[in-house]
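Asker: got a structure for you, letters missing:
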């Protein structure tokens, strides 16, 4: 399914710049065999779920999942789509993910700019505060957070529950707050690499702080912002824990956590669960095919200290 | 506690921002115009408030609540809980370390959960991480098709853990699943219940977790390997080192920053582990984890806020170890002028 996108870069795999490393042919062959075997194992579960999803329930009921196909059909996909109201859950995911990603990046780039380019005396302490916040396991903060969400009232045009709890607004807030640390860390490393001379020049021209941030720094950070946006979209879309704990009712949950309900709903038709799960994977697979480089760049930015 | 002191310095940082002395390398706040200072305050203040309110305030709250007995109804007060009184009268009171004591002595799920978390960590350290590193090293040798291999091995990282759990259920299915069919154990009397048997299901779920984690570790190490100065390898080869020696004696030590990141990711991910077991059976019957116990004590029917918090503190204390190591390694050089 992804071969077109994947084979293209394969040709670009040149020998590394390390110079002519002598390689024994059997080493090459062993590596190839090892990787091919691993890749088969890695693709197998996904391929198998796909195979289950394209076969009617009556078929697999009779012959088992491991059998020759008697019928192949996309009916499970269309049934799963209509019977579970998946469009609704996808829309919830969009309503949470899109604002959250935009807000995180906007806030984090502001903090990163201040912490990396202006001396507010406690730059490092603040950076540590943000970074450490992202490293905590979610379960460390969930108990008080849950109580907080039950206590904080919101106007009804923001949340029809009238509370932070069980509202899309509340879910955006925690996703933003929790991902903020990682983005601040990555972006401040990235911004530190911008030479100070550029800011001296801008100062001579009388540029205000906002101009230096908005006109000078942010355009230079476009690659990092693109990589982070890809990473965050996937992470927030894939979030399961916050939605399970901070939302009581199924109908407001985003699609990833709604899968838990679908499992109960389709318990008598496993093939449809496979189809529903694969439908829910489509957005991340699109990111995977189109933006894999950005995603990996984001991970690498986070792991390599600038 | 790291978190409290960090929060304190933050408050001080805001107060001190206006009176910052002469700048060193960066521009100090002093030299900014009023308008610029307002911009700095907004750029820094709003996210800081958000981070403090939704991350650090609850983190400190967990520690404080862990010393109370509270079912979430009614208020909290500072009186000590009275012994030998029905628990309905002992609500919102100061409980000392009783929650920790109960967790360690009479709460049947606690020690199994700790053991499962430790097994999870051990599998990540001993299997997932070396496997990911091996993938990275082999792919980094630039053999034909390496990009394709990398993409395939990386695919599970893109999928949510909830999805991973569902996808694997078809592999493990008792009568129809691929594994049981292949090994001929899919009859009604001899089928292996991979996800239901409490002696097996943790290992079955760990296969799923490793399947995803190895790709993650691989990507991190690939970035690390690319950053290694090629002349180091050349020099090692010149000196007569073989590939094995070159990797362990030269390349691996140079990748120390990545090793630490991988170590942090490994420990934190094993503490955070939740989604997979929750989607499989809601984390019961052999799949208890600390994260599941925290959650079930606060969103379940019987709300034991204080007790759930105490379990959360256990997670916090363990997670502070890798977090501190990472922060020390990362920010050590910057503290020094």
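Answerer: Yep, it's here. In this text, all values refer to a predicted model and were calculated from it rather than measured experimentally.

Asker: now the strands for chain A?
Answerer: Per DSSP state E, chain A carries strands over the ranges A:118-119.

Asker: next one: the residue sitting nearest the centre point of it from chain B, what distance?
Answerer: In chain A, the C-alpha closest to the average C-alpha coordinate belongs to residue A:234, at a distance of 1.7 Å (Cα atoms, centre = their mean). From residue A:234 across to chain B, the span is 6 Å (Cβ to the nearest Cβ, to the nearest Å). In this view, the C-beta of every residue, glycine as well, is placed from N, C-alpha and C.

Asker: any stretches of the stretch 1-150 of chain B with poor pLDDT?
Answerer: Within the stretch 1-150 of chain B, the stretches with pLDDT under 70 are B:1-30, B:87-88.

Asker: pLDDT score for the residue nearest to the centre of chain A?
Answerer: Looking at residue A:234, its pLDDT stands at 92.

Asker: residue contacts, residue A:144?
Answerer: Taking Cβ atoms under 8 Å, 6 or more residues apart in numbering or on different chains as the criterion, residue A:144 is in contact with B:57-58, B:61-62, B:65, B:309.

Asker: just name the closest of these to residue A:77, please.
Answerer: Lowest distance from residue A:77 to those (Cβ to Cβ) belongs to residue B:58, with 40.2 Å.

Asker: list the helices and strands the host helix or strand of that closest one packs on?
Answerer: Element membership for residue B:58, per DSSP states H and E: helix B:57-65. Under the contact definition 3 or more Cβ pairs under 8 Å, 6 or more residues apart in numbering or on different chains; DSSP states H and E, helix B:57-65 sits against helix A:138-151, helix B:2-17, helix B:305-335.

Asker: return the distance of the helix or strand just after that helix from the chain's centre.
Answerer: Using DSSP H and E, the helix or strand that follows helix B:57-65 in sequence is strand B:68-69. How far strand B:68-69 lies from its chain's middle: 27 Å, per Cα atoms, centre = their mean, to the nearest Å.

Asker: who are the packing partners of strand B:68-69?
Answerer: strand B:93-94, helix B:305-335.

Asker: which of these has the lowest average pLDDT?
Answerer: Among the helices and strands packed on strand B:68-69, strand B:93-94 scores lowest, with a mean of 83.

Asker: residue A:294 touches residue A:233, doesn't it?
Answerer: No. Residue A:294 lies out of contact with residue A:233 (Cβ atoms under 8 Å); the separation is 9.9 Å.

Asker: where exactly do the helices run in the stretch 151-300 of chain B?
Answerer: Using DSSP state H, counting those that start in this stretch, the helices found in the stretch 151-300 of chain B span residues B:161-172, B:178-182, B:201-226, B:230-238, B:243-245, B:252-254, B:256-272, B:275-281, B:290-299.

Asker: and the fourth one, what's buried?
Answerer: In this case it means helix B:230-238. Buried positions in helix B:230-238, judged by neighbour count with 16 or more other Cβ atoms under 10 Å in any protein chain shown: B:233, B:236-237.

Asker: ok, it near chain A or not?
Answerer: Yes. Residues of helix B:230-238 contacting chain A under Cβ under 8 Å from any Cβ of the partner chain: B:230, B:233-234, B:237.

Asker: format the residues you listed as TSV; extra columns: distance to residue A:132 and pLDDT.
Answerer: Formatted as TSV, these follow (distance: Cβ to Cβ, whole Å; pLDDT from 0 to 100):
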residue	distance to residue A:132	pLDDT
B:230	35	86
B:233	35	85
B:234	39	86
B:237	41	85
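
Asker: of all these, which comes closest to chain A?
Answerer: Set against chain A, the nearest of the residues of helix B:230-238 next to chain A by Cβ to the nearest Cβ is residue B:230 (4.0 Å).

Asker: just give the nearest non-adjacent residue to residue B:237, would you?
Answerer: Nearest non-adjacent residue to residue B:237, counting by Cβ to Cβ, 6 or more residues apart in numbering or on different chains: residue B:246, 6.6 Å away.

Asker: my read: that neighbour touches residue B:238, true?
Answerer: No. Using Cβ under 8 Å, residue B:246 and residue B:238 do not qualify as a contacting pair, with a distance of 10.6 Å.

Asker: and residue B:181, what is it in contact with?
Answerer: A:64-66.

Asker: which parts of the stretch 1-150 of chain A are helices?
Answerer: Under DSSP H, counting those that start in this stretch, the stretch 1-150 of chain A gives helices at A:3-11, A:25-53, A:57-63, A:75-83, A:86-117, A:123-135, A:138-151.

Asker: re the thing from before, enumerate every residue touching the residue nearest to residue B:237.
Answerer: By Cβ under 8 Å, 6+ apart, the neighbours of residue B:246 are B:233, B:236-237.

Asker: alright, that wraps it up for me.
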